[in-house]
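Student: based on what follows, work out the 3D shape:
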Amino acid sequence: MHAAFLGAGLVDEAAIFLAPVFFGAGGVPLINGLFEQGREQIPRLQVTEVRRLDDDVLVRGLVAAGRGADRIVL
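Tutor: The predicted structure follows:
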């Protein structure tokens with residue numbers, strides 16, 4: 001469901017948690033099957049915050065879609 005919202009350009013802000021864990025083969029992709037038509041469609045994150053939470057790292061920011069970056073309102 002989250003990927004569908006992202007693909008439709010309906011996400012304004014995102015938070016990504018990074019953990020120092022190795023999952024091995026067969027991991028789950030963050031976004032599967034979207035933006036296969038080219039790199040210019042891949043959303044970028046305009047980072048607004050990076051915070052360490054114990055061993056994890058929170059990266060938070062505004063989502064700027066490749067072609068729809070002009071829709072971002074700060």
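Student: quick one: the helices in this structure?
Tutor: 2-7 (DSSP state H).
Student: remind me which residues of it are low pLDDT?
Tutor: For the chain, applying pLDDT under 70 flags the ranges 1, 27-30, 32-39, 65-74.
Student: and if we set it to 50?
Tutor: 67-74 (pLDDT under 50).
Student: which parts of it are strands?
Tutor: 13-18, 44-53, 56-64 (DSSP state E).
Student: which residues touch Pro20?
Tutor: Contacts for Pro20 (C-beta atoms under 8 Å, 6 or more residues apart in numbering) come out as 55-56. Where C-beta positions appear, they are placed from N, C-alpha and C, glycine not excepted.
Student: what do you get if the cut-off is 10 Å, keeping everything else the same?
Tutor: 55-57 (C-beta atoms under 10 Å, 6 or more residues apart in numbering).
Student: which one of these has the most neighbours?
Tutor: Val57 (14 neighbours; other C-beta atoms under 10 Å).
Student: the closest residue to it other than its chain neighbours: how many residues sit nearby?
Tutor: Sequence neighbours aside, Leu18 is the residue nearest to Val57 in space, at 4.4 Å (criterion: C-beta to C-beta, 6 or more residues apart in numbering). If you count neighbours by other C-beta under 10 Å, Leu18 ends up with 12.
Student: where's Leu18 relative to Leu58, distance?
Tutor: 8 Å (C-beta to C-beta, to the nearest Å).
Student: for the two, list the residues in contact with both.
Tutor: Common neighbours of Leu18 and Leu58 (C-beta under 10 Å, 6+ apart) are 50, 52.
Student: so what's Ala15 bridging to?
Tutor: Arg60 (DSSP bridges).
Student: swap that for Val47, sorry
Tutor: Beta-bridge partners, per DSSP bridges, of Val47: Gly61.
Student: can you count the residues close to it?
Tutor: Quick note: Val47 (other C-beta under 10 Å) scores 11 neighbours.
Student: tell me the most buried of the strands of the chain?
Tutor: Among these, ranked by average contacts under mean count of other C-beta atoms under 10 Å, first place goes to strand 56-64 (a mean of 15).
Student: got the CA coordinates for that strand in CSV?
Tutor: What follows is strand 56-64, C-alpha atoms only, in CSV (Å, rounded to 0.1, in the frame of the first residue of the first chain):
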residue,chain,number,x,y,z
ASP,A,56,19.5,2.5,14.5
VAL,A,57,19.5,5.6,12.4
LEU,A,58,16.4,7.6,11.5
VAL,A,59,16.5,9.5,8.2
ARG,A,60,13.6,11.8,7.7
GLY,A,61,12.8,14.2,4.8
LEU,A,62,10.5,15.6,2.2
VAL,A,63,9.8,13.4,-0.8
ALA,A,64,10.6,15.0,-4.2
